[in-house]
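**Q** Everything below, folded, please.
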Amino acid sequence: MFWSSPVAPKVGGDVARALNDIRVEIEARRAELRDERGASPAMADFYAGKSVFLTGGSGFLGRLVVEMLLRTCPDIGNVYLVVRAKKGVRPEDRLKALVDVPLFDRLRAERPGALDKVVVLPGDITALKLGLSDEHQELLRREVAVVIHLAASVRFDDPFQKAVFTNLRSTREVCELAKGMVQLKSLVHVSTAYTNINRVPLEEVVYDQPQDWRDVIRWAEELEARSPRALDFLSPKIMGFQPNTYTFTKALAEKLIDDYAQELPVIITRPSIVVATFRDPIPGWMDNLYGLAGFWAGGFKGVMRIVYSPNVHFDSIPADMATKTILLASWHRGIKADSKTTGSEVVNVTVGAEAGVSYKDMSWVVSEAGIGRLVPYPGAIRPPKFEITACKFWFWMLFLYHHILYAIILDSLARMSGAKPRVLDIYRRVVVALDATSPFQQNFVFLVDNQKALQTVMHPVDEEHYSYIATLRIRDSIEHFRTVCVDSVRGILKYVLKEEDNPEKNWRHIARYRTKFGHTNDPFWFFF
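**A** Numbers count the residues shown, from 1 in each chain. The predicted structure is shown next:
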């Protein structure tokens with residue numbers, strides 16, 4: 001068959017048993033190590049009186065890290081964020097906007113005044129010395145005990161120089177600054193699980209790269225000044241097997257961190273595709289349309305109707321699971337900061353194909369699960385519906401019909417009515433996104449021994465906040481899977497698209513939209 005209607009996601013049976021086996025393994029090891037775990041400091045005790053320097057604190061994961069640190073570690077010192085001015089808005093004013101969101105409501109209720117510990121330092125991670133003043137550099141060297149380097153540009157199409165300065169040179173500048181921190185206990189570098197997509201399986205080690213990170217930084221600094229476009233022309237040859245500047249620079253940044261491992265207490269975490277929060281601090285929190293969130297939004301807005309799916313499961317992890325693992329890694333490395341290492345510890349923050357989301361799952365959610373009625377999206381250009389095909393040729397034929405031809409018709413109607421045509425431009429961006437993500441349309445195998453170890457060695461009192469084994473129940477039943485999906489879809493509606501979460505009102509809006517086109521509306525949507 002060229003294409004197929006959505007089928008129910010895999011729940012129960014073998015997939016639930018596989019995830020349950022992971023839970024049982026973690027819980028058994030926790031029981032075995034209970035006395036040893038109790039002898040280590042708890043997370044709150046470790047962070048008591050310690051100040052943290054966080055890059056990328058204004059981003060999606062960065063804000064979650066700030067929230068969780070302040071909520072679970074009441075005696076923590078200051079949390080220093082490097083924030084640059086943006087569109088004429090001062091860093092201090094940007095902070096107010098960044099924390100004035102529902103993500104921090106629980107923190108404000110449980111620990112009033114905790115946000116006073118967040119200190120903004122004007123800077124720019126793409127600049128030398130992170131754009132920090134001498135005074136602020138000295139402040140960080142004197143006070144900081146934990147560094148979490150989260151800042152990165154996740155765009156796949158960044159120019160070579162920008163990607164190098166943002167993802168690679170900034171990492172060197174963080175390490176150089178950290179070398180002078182007299183109280184330093186741990187430095188966490190947040191990478192990505194897709195730094196070495198040519199490796200099967202991807203182990204929790206740092207791999208050698210075909211280019212030396214020092215040379216790449218030098219090329220970006222010197223050649224760009226002589227010939228502005230030279231590096232962009234040369235980048236495919238420089239990057240080798242890497243599909244884009246993002247994975248290339250992140251892979252080199254790992255090697256950079258590894259080279260500093262004998263001087264600094266470093267540890268690397270590699271999250272896979274980060275999706276909305278599962279539970280903490282609120283279900284469904286999301287603040288962007290990167291990755292799978294864009295497909296969710298596109299499906300429920302009626303933009304995406306047909307997808308190419310060669311039976312791929314995307315290794316997607318809830319954002320709170322990624323946050324917990326990053327902070328556990330900082331604690332784990334920090335409690336043994338004095339131990340000497342010959343290389344970086346690496347933690348793959350992934351869930352595996354058993355719990356990963358596939359296009360089949362997404363098409364079922366959009367078309368069959370009834371979520372469109374529970375969380376209707378106002379302003380949809382047509383009712384949500386997904387079909388999938390494993391034939392590349394047939395996909396592009398259906399894409400031209402369901403998407404491009406449909407966009408041309410809508411834009412033509414818009415021009416005739418005096419409105420601005422915009423639908424075809426949306427599909428141009430969709431084509432660019434599909435091309436950029438095509439190298440990742442495969443099933444990856446990630447080894448997660450270190451990740452499971454972090455779950456087993458945490459202090460018993462930290463299980464309440466830092467255990468993620470409840471996340472592994474997502475495939476226990478259709479009802480559980482649907483609940484998680486509803487939270488994610490509602491989160492995109494409320495927090496990203498800034499639309500009212502009022503199903504009754506939204507359905508009235510959709511009904512008026514359909515009536516506006518007359519009785520031919522339903523047949524029109526049937527064919528498209």
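**Q** what are the ranges of the strands in the stretch 351-500 of the chain?
**A** 357-358, 387-389 (DSSP state E, counting those that start in this stretch).
**Q** packing partners for the first one?
**A** In this case it means strand 357-358. The helices and strands touching strand 357-358, judged by 3 or more CB pairs under 8 Å, 6 or more residues apart in numbering; DSSP states H and E, are strand 313-314. Quick note: C-beta positions are derived from backbone N, CA and C, even for glycine.
**Q** Show me what the strand it packs on packs onto, helices and strands only.
**A** Counting by 3+ CB pairs under 8 Å, 6+ apart, strand 313-314 packs on strand 357-358.
**Q** Determine how far stretch 212-219 lies from the middle of the whole chain.
**A** 27 Å (CA atoms, centre = their mean, to the nearest Å).
**Q** on that earlier part again, ok, of the strands of the stretch 351-500 of the chain, where does mean pLDDT dip lowest?
**A** Mean pLDDT values for the strands of the stretch 351-500 of the chain show the minimum at strand 357-358, a mean of 78.
**Q** of all the strands of the stretch 351-500 of the chain, which lies closest to residue 280?
**A** strand 357-358 (19.7 Å; CB to CB).
**Q** Pull the residues that contact that closest one.
**A** 9, 275, 292, 309, 311-314, 316 (CB atoms under 8 Å, 6 or more residues apart in numbering).
**Q** Save the strands of the stretch 351-500 of the chain as JSON lines, and put in mean neighbour count and distance to residue 147 too.
**A** Formatted as JSON lines, the strands of the stretch 351-500 of the chain follow (neighbours: other CB atoms under 10 Å; distance: least, CB to CB, whole Å):
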{"stretch": "strand 357-358", "mean neighbour count": "22", "distance to residue 147": "32"}
{"stretch": "strand 387-389", "mean neighbour count": "21", "distance to residue 147": "43"}
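**Q** related to what we said a few turns ago, would you format the contacts of strand 357-358 as JSON lines with distance to residue 112 and neighbour count included?
**A** Below are these laid out as JSON lines (distance: CB to CB, whole Å; neighbours: other CB atoms under 10 Å):
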{"residue": "9", "distance to residue 112": "41", "neighbour count": "21"}
{"residue": "275", "distance to residue 112": "30", "neighbour count": "25"}
{"residue": "292", "distance to residue 112": "35", "neighbour count": "19"}
{"residue": "309", "distance to residue 112": "48", "neighbour count": "21"}
{"residue": "311", "distance to residue 112": "50", "neighbour count": "11"}
{"residue": "312", "distance to residue 112": "46", "neighbour count": "18"}
{"residue": "313", "distance to residue 112": "43", "neighbour count": "21"}
{"residue": "314", "distance to residue 112": "39", "neighbour count": "22"}
{"residue": "316", "distance to residue 112": "34", "neighbour count": "21"}
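**Q** Helices of the stretch 1-150 of the chain, start to end?
**A** Applying DSSP state H, counting those that start in this stretch to the stretch 1-150 of the chain gives helices spanning 13-32, 34-39, 43-47, 60-72, 91-99, 105-110, 134-143.
**Q** same question, the stretch 401-528 of the chain
**A** Using DSSP H, counting those that start in this stretch, helices in the stretch 401-528 of the chain cover 406-416, 423-437, 449-457, 463-466, 478-491, 503-516, 521-527.
**Q** Now tabulate those in a markdown table and tack on mean pLDDT and mean neighbour count.
**A** Shown next, in a markdown table, are those (pLDDT from 0 to 100; neighbours: other CB atoms under 10 Å):
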| stretch | mean pLDDT | mean neighbour count |
| --- | --- | --- |
| helix 406-416 | 90 | 15 |
| helix 423-437 | 87 | 15 |
| helix 449-457 | 94 | 18 |
| helix 463-466 | 94 | 16 |
| helix 478-491 | 84 | 19 |
| helix 503-516 | 57 | 13 |
| helix 521-527 | 52 | 12 |
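**Q** Which one of those lies nearest to residue 70?
**A** helix 463-466 (12.2 Å).
**Q** Need the contact partners of stretch 156-166.
**A** Here stretch 156-166 makes contact (CB under 8 Å, 6+ apart) with 125-126, 151-153, 216-217, 219-220, 224, 231-232, 234-235, 238, 243-246, 248-249, 432, 436-437.
**Q** follow-up on the earlier one: in CSV, list the strands of the stretch 351-500 of the chain along with distance to residue 115.
**A** CSV is the format used below for the strands of the stretch 351-500 of the chain (distance: least, CB to CB, whole Å):
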stretch, distance to residue 115
strand 357-358, 33
strand 387-389, 44
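**Q** Nearest to residue 477, out of these?
**A** Evaluated over the strands of the stretch 351-500 of the chain, closeness to residue 477 peaks at strand 357-358, with 16.3 Å, by CB to CB.
**Q** so what strands line up beside the closest one?
**A** Partner strands and pairing direction for strand 357-358 (DSSP bridges) are strand 313-314 (antiparallel).
**Q** what's next to the strand it pairs with, contact-wise?
**A** 272-273, 292, 353, 356-358, 440, 443.
**Q** Lowest pLDDT pick from these?
**A** Ranking the contacts of strand 313-314 by pLDDT, residue 353 lands last with 60.
**Q** Can you name the residues bridging to the residue nearest the centre of the chain?
**A** The centroid of the chain falls nearest to residue 274 when counting by CA atoms, centre = their mean (3.3 Å). Beta-bridge pairing for residue 274 (DSSP bridges): residue 317.
**Q** can you pull the contacts of the closest residue to residue 442 other than its chain neighbours?
**A** Excluding its sequence neighbours, the residue lying closest to residue 442 (CB to CB, 6 or more residues apart in numbering) is residue 312, at 6.2 Å. For residue 312, the contact set (CB under 8 Å, 6+ apart) comprises 358-359, 441-443.
**Q** Residue 114: which of those residues is nearest?
**A** residue 358 (39.4 Å).
**Q** any idea how far residue 443 is from the closest one?
**A** According to CB to CB, to the nearest Å, residue 358 and residue 443 sit 10 Å apart.
**Q** residues shared between the contacts of the two?
**A** Contacts common to residue 358 and residue 443, judged by CB under 8 Å, 6+ apart, are 311-313.
**Q** mind giving me TSV with these and columns for pLDDT and distance to residue 487?
**A** As requested, the shared contacts of residue 358 and residue 443 are exported to TSV (pLDDT from 0 to 100; distance: CB to CB, whole Å):
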residue	pLDDT	distance to residue 487
311	76	26
312	80	23
313	80	20
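**Q** Using TSV, please lay out those residues together with distance to residue 159.
**A** TSV is the format used below for the shared contacts of residue 358 and residue 443 (distance: CB to CB, whole Å):
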residue	distance to residue 159
311	35
312	29
313	32
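**Q** For residue 433, which non-adjacent residue is spatially closest?
**A** Closest residue in space to residue 433, ignoring its immediate chain neighbours: residue 294 at 7.0 Å, by CB to CB, 6+ apart.
**Q** so what pLDDT did residue 401 get?
**A** For residue 401, pLDDT reads 90.
**Q** And residue 133, by the same measure?
**A** 96.
**Q** Now do the same for the nearest residue to it once chain neighbours are set aside: its pLDDT.
**A** Nearest non-adjacent residue to residue 133, counting by CB to CB, 6+ apart: residue 122, 7.7 Å away. Residue 122 is assigned 94 on the pLDDT scale.
**Q** what's across from residue 122 in the sheet?
**A** residue 83.
**Q** mind checking how far it is from residue 293?
**A** From residue 122 to residue 293 the distance is 30 Å (CB to CB).
**Q** Mind checking which of those two has more residues around it?
**A** Neighbour comparison, residue 122 and residue 293: the larger count goes to residue 293, with 23 against 15 (by other CB atoms under 10 Å).
**Q** which element follows the host helix or strand of that one toward the C-terminus?
**A** Assigned by DSSP states H and E, residue 293 belongs to helix 292-300. On the C-terminal side of helix 292-300, the closest following helix or strand by DSSP H and E is strand 306-308.
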